[in-house]
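Undergrad: I'd like to go over a predicted model; first the sequence, then the structure.
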2 protein chains.
Amino acid sequence: MNALQLEKIGSLQLKETHTSETKPGEILLKVTHCAVCRTDAKMWERGQRDLVLPRVLGHEICGISEESGKRFAVWPGSACGHCEDCRRGTENLCREMQIIGFHKDGGFAEYVAVPESSLIPIPDDLPGEIASLAEPLACAINGLRQIRVREEERILIYGAGSVGLLTGLAVSAQNASPFIREIRPDRLTRSEVFRDRIGMTCAEDCKEHRFDAAINAAPSSDTFLQGLSALRPGGRFCLFSGLIDDQPIPVPAINEIHYRQLRIAGAYGCTAAQMKAALNILADHKNDVKLLIEDHITLEQVPHILPKILAGEAFKFVVDV
Amino acid sequence: MNALQLEKIGSLQLKETHTSETKPGEILLKVTHCAVCRTDAKMWERGQRDLVLPRVLGHEICGISEESGKRFAVWPGSACGHCEDCRRGTENLCREMQIIGFHKDGGFAEYVAVPESSLIPIPDDLPGEIASLAEPLACAINGLRQIRVREEERILIYGAGSVGLLTGLAVSAQNASPFIREIRPDRLTRSEVFRDRIGMTCAEDCKEHRFDAAINAAPSSDTFLQGLSALRPGGRFCLFSGLIDDQPIPVPAINEIHYRQLRIAGAYGCTAAQMKAALNILADHKNDVKLLIEDHITLEQVPHILPKILAGEAFKFVVDV
């Protein structure tokens, strides 16, 4: 089959490979759509903690079981199922976690091997291209879960890229109020229609200690530093995006956490239950979410659009496999 | 009356002053005991965010109402009572907070003006010297509340000073297991009897990602950095002590929060309800807690013991007023 494999950092090659072998409990899913994540672009540019090379990338996957004809979105994790975290329902923290597209081959291929427990049925009226956004939306839901967002709260989101906007949708779906902070005017302009539809307001001034919670969907240290000062006493910050610059965090900023009883919660990945919740939100908002699809592309085109993704110049590209 | 006043940083003077005036809702409490906090020593050495000079210091206060003859511990806050935080039961975050010994004159004096709502009755059989430790114990309880300590969890405490040890007592009272990390052998030796009595184990190796939560009762940045790596995935760190060194926190440490879904919660002060809970724990453990009283001193002696407190060479000094 054709598959797009990251050979080493910087080298993503379309190759003719053997179809993945399935282990007991896995099925071979025919990939229909696989969206390109900013993390795929980061892996290509600089690697990632959980990446094992060489690797077929792609973890925002929808496909069809050739046996049953049923359509599924894929929770990209495979957890052990019996450790403390799996029993707690935080299986994304399982220490034996193997992530499709990170530790195991992913969805930029005609077929992908998936544990049956990771298959989440797609609602009948939801197009596969939209369903391929279930994984990033589920990650946003996981982020909001870590900071316990409640109804009517004011939530500040850093970054008007597709993940920041999906986070706004998730906030809205919880009957809380999403606000956006984005330093690039082009990204504000591009996202305007979507933001209007889901009621996501521009946060003009973030210095007033007035937000109940904040979440970063952008990797600059400034999102962390400014986010802390935007919070009310006792407010919560979700470190949703890892930070990529090398600017260390000054001690007085950390001490704000102490003095104002702030809370910081990390978020990484999502759970299978959150994938299911995400599919339901997508089904309710498919016409809104359609606005976040930049283009449909082929496997061959993926290497060419990665710089555009890293530059933050586009919404989601979905590979039609 | 005699009062110990911080005139400016570094200058603490015993002075003959007017008795504090009481406002409506306040009473004049005759101070019987006031324990010396490390924060008093820090204020003297370098100031503090909430300190307004000149100021009579002292915020770990027990006293007697000359009118009723009743004994009270003092919750050192005065909150507005009607803001969002006051209504939430986190009145220590009230934006109009005035803290006795910080914004208002404190307990290193013969009398102190205290809002009636801040008076917490002392159980009959609890000596005032022990009751004067209710405030630091309540702060520890508040810290554990921020990280939601549950039964049987393993809690790592940084610092075997009196506050770290009182935190161990609070952990123990919640049926969780306290562990101690202390780099100074003299402090380990000095605390051994107390630690044995409350079942506080020495944590030999903190590198194993095995603690459910950690809390720093010591102000070095290392407590924060090491604390994060000592936690299991999803573990919680309470930033109980502000950090005093200038070593900024490197981005990879912050990214651990992201990748392992850790939580950081600040803690500052305590609530009146936590003061009450602290008095009950002290009543159950008065013979243990007695071990944490280094000496009884007079007001005149306070300036002389502050360097010893800053050097971490003593447990609690209690001023018998």
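TA: Happy to help now that I have it.

Undergrad: which bits of the stretch 1-150 of chain A sit near chain B?
TA: Residues of the stretch 1-150 of chain A lying close to chain B (CB under 8 Å from any CB of the partner chain) are A:49, A:85, A:88, A:90, A:92-93, A:95, A:146. No exception for glycine: its C-beta is placed from N, CA and C like everyone else's.

Undergrad: correct me, but residue A:248 touches residue B:248?
TA: Yes - if you go by CB atoms under 8 Å, residue A:248 and residue B:248 touch, sitting 3.7 Å apart.

Undergrad: among the residues of the stretch 1-150 of chain A next to chain B, which one lies nearest to chain B?
TA: Using CB to the nearest CB, residue A:93 comes nearest to chain B of the residues of the stretch 1-150 of chain A next to chain B, at 3.9 Å.

Undergrad: ok, how many other residues are close to the closest one?
TA: 23 (other CB atoms under 10 Å in any protein chain shown).

Undergrad: for it, what are its contacts?
TA: The neighbours of residue A:93, taking CB atoms under 8 Å, 6 or more residues apart in numbering or on different chains as the test, are A:85, A:268, B:233-234, B:260-261.

Undergrad: what's the answer for residue A:282, then?
TA: Contacts for residue A:282 were tallied using CB under 8 Å, 6+ apart; they are A:126, A:130-131, A:133-134, A:137, A:289.

Undergrad: let's go with 6 Å and repeat that
TA: The contact partners of residue A:282, taken as CB atoms under 6 Å, 6 or more residues apart in numbering or on different chains, are A:130, A:289.

Undergrad: secondary structure element for it?
TA: helix A:272-284 (DSSP states H and E).

Undergrad: averaged pLDDT, the following helix or strand past that helix. What do you get?
TA: Downstream of helix A:272-284, the first helix or strand assigned by DSSP H and E is helix A:286-289. Helix A:286-289 carries an average pLDDT of 96.

Undergrad: same question for stretch A:224-236.
TA: 95.

Undergrad: for it, measure first residue to last.
TA: This stretch, stretch A:224-236, spans 11 Å end to end (CA to CA, to the nearest Å).

Undergrad: ok, stretch A:14-34 next?
TA: Its start and end residues considered, stretch A:14-34 measures 15 Å (CA to CA).

Undergrad: show me what it is in contact with.
TA: Taking CB under 6 Å, 6+ apart as the rule, stretch A:14-34 contacts A:1, A:3-5, A:58, A:61-64, A:66, A:105, A:107-108, A:111-116, A:128-129, A:132, A:299-300, A:318-319, A:321.

Undergrad: got the buried residues for that stretch?
TA: Across stretch A:14-34, burial judged by 16 or more other CB atoms under 10 Å in any protein chain shown covers A:14, A:20, A:22, A:26-29, A:31-34.

Undergrad: distance from that stretch to the middle of the chain?
TA: Its chain's average C-alpha position is 22 Å from that of stretch A:14-34, according to CA atoms, centre = their mean, to the nearest Å.

Undergrad: at the contact with chain B, which residues of the stretch 151-300 of chain A appear?
TA: Contact residues (CB under 6 Å from any CB of the partner chain) of the stretch 151-300 of chain A with chain B: A:233-234, A:239, A:242-243, A:248-251, A:254-255, A:257-259, A:261-266, A:268.

Undergrad: strands - which of the residues you listed land there?
TA: Judged by DSSP state E, these include A:233-234, A:239, A:263-266 as members of strands.

Undergrad: pull out the buried members of those.
TA: Buried residues within those, counting neighbours by 16+ other CB under 10 Å: A:233-234, A:239, A:263-266.

Undergrad: out of those, the closest to residue B:218 would be?
TA: residue A:264 (19.9 Å; CB to CB).

Undergrad: list the contacts of the closest residue in space to residue A:145 that isn't next to it in sequence.
TA: Spatial nearest neighbour of residue A:145, chain neighbours left out: residue A:274 (7.4 Å); criterion: CB to CB, 6 or more residues apart in numbering or on different chains. Applying CB under 6 Å, 6+ apart, we find residue A:274 in contact with A:138, A:141-142.

Undergrad: what of residue A:80?
TA: A:86, A:94, A:96.

Undergrad: what are the phi and psi values at the residue nearest the centre of chain A?
TA: Centroid-nearest residue in chain A: residue A:136, 2.7 Å away (criterion: CA atoms, centre = their mean). Here the main-chain torsion angles of residue A:136 (degrees, to the nearest 10) amount to phi -60, psi -40.

Undergrad: between which two of the contacts of residue A:93 is the distance greatest?
TA: Across those, no pair lies farther apart than A:85 and A:268, at 12.0 Å, counting by CB to CB.

Undergrad: settle it for me: which of those two has more neighbours?
TA: Neighbours per residue (other CB under 10 Å) separate residue A:85 from residue A:268, with residue A:268 holding more: 24 against 20.

Undergrad: wait, doesn't that one sit right on residue B:260?
TA: No - in this structure, residue A:268 is not within contact of residue B:260 by CB atoms under 6 Å, at 7.2 Å.

Undergrad: that's a helix at residue A:164, yeah?
TA: Yes - in this structure, residue A:164 lies within a helix as judged by DSSP: H, G, I helix; E, B strand; the rest coil.

Undergrad: in space, what's closest to it - neighbours in sequence excluded?
TA: Nearest non-adjacent residue to residue A:164, counting by CB to CB, 6+ apart: residue A:217, 3.6 Å away.

Undergrad: who's in contact with the residue located most distally from the centre of chain A?
TA: Centroid-distance maximum for chain A: residue A:259 at 32.0 Å, with CA atoms, centre = their mean. Residues in contact with residue A:259 (CB under 6 Å, 6+ apart) are residue B:268.

Undergrad: next: the one 4 residues further on.
TA: With contacts defined as CB under 6 Å, 6+ apart, residue A:263 is in contact with A:236, B:265.

Undergrad: would you mind measuring from it to residue B:236?
TA: 9 Å (CB to CB, to the nearest Å).

Undergrad: helices along chain A, start to end?
TA: A:38-46, A:84-88, A:128-131, A:134-146, A:162-173, A:185-190, A:192-198, A:221-230, A:251-259, A:272-284, A:286-289, A:302-310 (DSSP state H).

Undergrad: what's the distance between the nearest residue in space to residue A:139 that is not next to it in sequence and residue B:81?
TA: Of all residues not flanking residue A:139 in the chain, residue A:270 sits nearest, at 4.7 Å (CB to CB, 6+ apart). Relative to residue B:81, residue A:270 is positioned 41 Å away (CB to CB).

Undergrad: quick one, the helix holding residue A:282 and helix A:162-173 angle?
TA: 80 degrees (axes from the mean of the first three to the mean of the last three CA atoms, to 10 degrees).
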